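K.L.:
Compute the structure for the input listed below.
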Amino acid sequence: MDYLALIVFILATSITPGPNNILILASGVNYGIKRSLPHFLGIGVGFPSLVIAVGLGAGLLFKHFPVLHTALKVVGVCYLLYLVYRVATASTNNINTENKKPFTFIHAALFQLVNVKGWIMAIGAVVTFASASGNYFLQVIAISGGFFLFGLPCTGLWLLFGASLKNLLSNPVRRRTFNVVMALLLVASLIPTMHELYMQYVV
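P.N.:
Sure thing, here's the model as predicted:
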């Protein structure tokens with residue numbers, strides 16, 4: 001597994017705008033850091049658990065149908081390139097913060113089940129960085145742990161932004177620049193996988 005590429009992937013996908021980050025940002029704006037901690041920790045536990053669930057389920061399929069692993073890599077890259085487009089062209093309008101109360105730990109953890117970006121990230125990470133020929137279980141655990149170690153601090157930054165840097169994020173030019181930089185980092189994290197597919201099926 002290319003751990004450096006995995007870390008870049010986690011950082012790029014975890015810090016870019018999405019349902020988790022927008023909600024924790026709004027929570028930070030409305031309720032402050034202390035009241036938003038259950039929401040923050042719910043994301044921290046819920047998303048790595050989703051990664052494990054996706055990975056273990058996919059692992060059974062990969063064991064019986066190895067070609068599916070390659071097919072899912074192609075699908076994952078396509079989905080993530082679409083996500084790159086969405087991130088780079090995301091609206092710079094002010095964020096709506098009309099929540100009446102902050103998420104609880106359970107609410108935030110269960111929210112991952114309906115978080116479309118979260119599913120794309122989890123599937124993309126597993127099919128891109130886990131190899132069916134290696135110790136698949138340990139690789140899935142490593143990917144999940146990577147999201148906890150490197151992804152959770154990114155979510156924490158959004159909470160801090162909401163609590164103390166609202167003006168910075170509400171500036172359209174700065175938000176557009178931020179989105180484009182994160183989109184480019186996401187593309188960079190996909191280069192090893194795209195190169196592997198190219199060498200395997202084109203060259």
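K.L.:
which residue sits closest to residue 46, ignoring its sequence neighbours?
P.N.:
Leaving aside its sequence neighbours, residue 46 sits nearest to residue 109 (Cβ to Cβ, 6 or more residues apart in numbering; 3.4 Å). Backbone N, C-alpha and C define where each C-beta goes, glycine included.
K.L.:
Number of residues surrounding that neighbour?
P.N.:
Residue crowding around residue 109 was assessed by other Cβ atoms under 10 Å; the count is 21.
K.L.:
Residue 49 contacts residue 110, correct?
P.N.:
No - applying Cβ atoms under 8 Å, one finds residue 49 not in contact with residue 110, separated by 10.4 Å.
K.L.:
What values do phi and psi take at the residue nearest to residue 46?
P.N.:
With angles defined as degrees, to the nearest 10, residue 109 sits at phi -70, psi -40.
K.L.:
Could you measure from residue 189 over to residue 27?
P.N.:
For residue 189, the distance to residue 27 (Cβ to Cβ, to the nearest Å) stands at 28 Å.
K.L.:
what's the answer for residue 14, then?
P.N.:
As defined by Cβ to Cβ, residue 14 lies at a distance of 17 Å from residue 27.
K.L.:
likewise residue 82?
P.N.:
As defined by Cβ to Cβ, residue 82 lies at a distance of 27 Å from residue 27.
K.L.:
just so I have it, where are all the helices in the protein?
P.N.:
If DSSP state H is used as the criterion, the helices of the chain fall at 3-15, 19-64, 66-88, 105-111, 116-129, 136-146, 152-164, 166-170, 172-201.
K.L.:
so of the ones you listed, which one's packed in deepest?
P.N.:
When you average the neighbours per residue for each of the helices of the chain (mean count of other Cβ atoms under 10 Å), helix 116-129 leads with a mean of 22.
K.L.:
Centre of the chain to that helix, how far?
P.N.:
Centroid separation between helix 116-129 and its chain, computed with Cα atoms, centre = their mean, to the nearest Å, is 7 Å.
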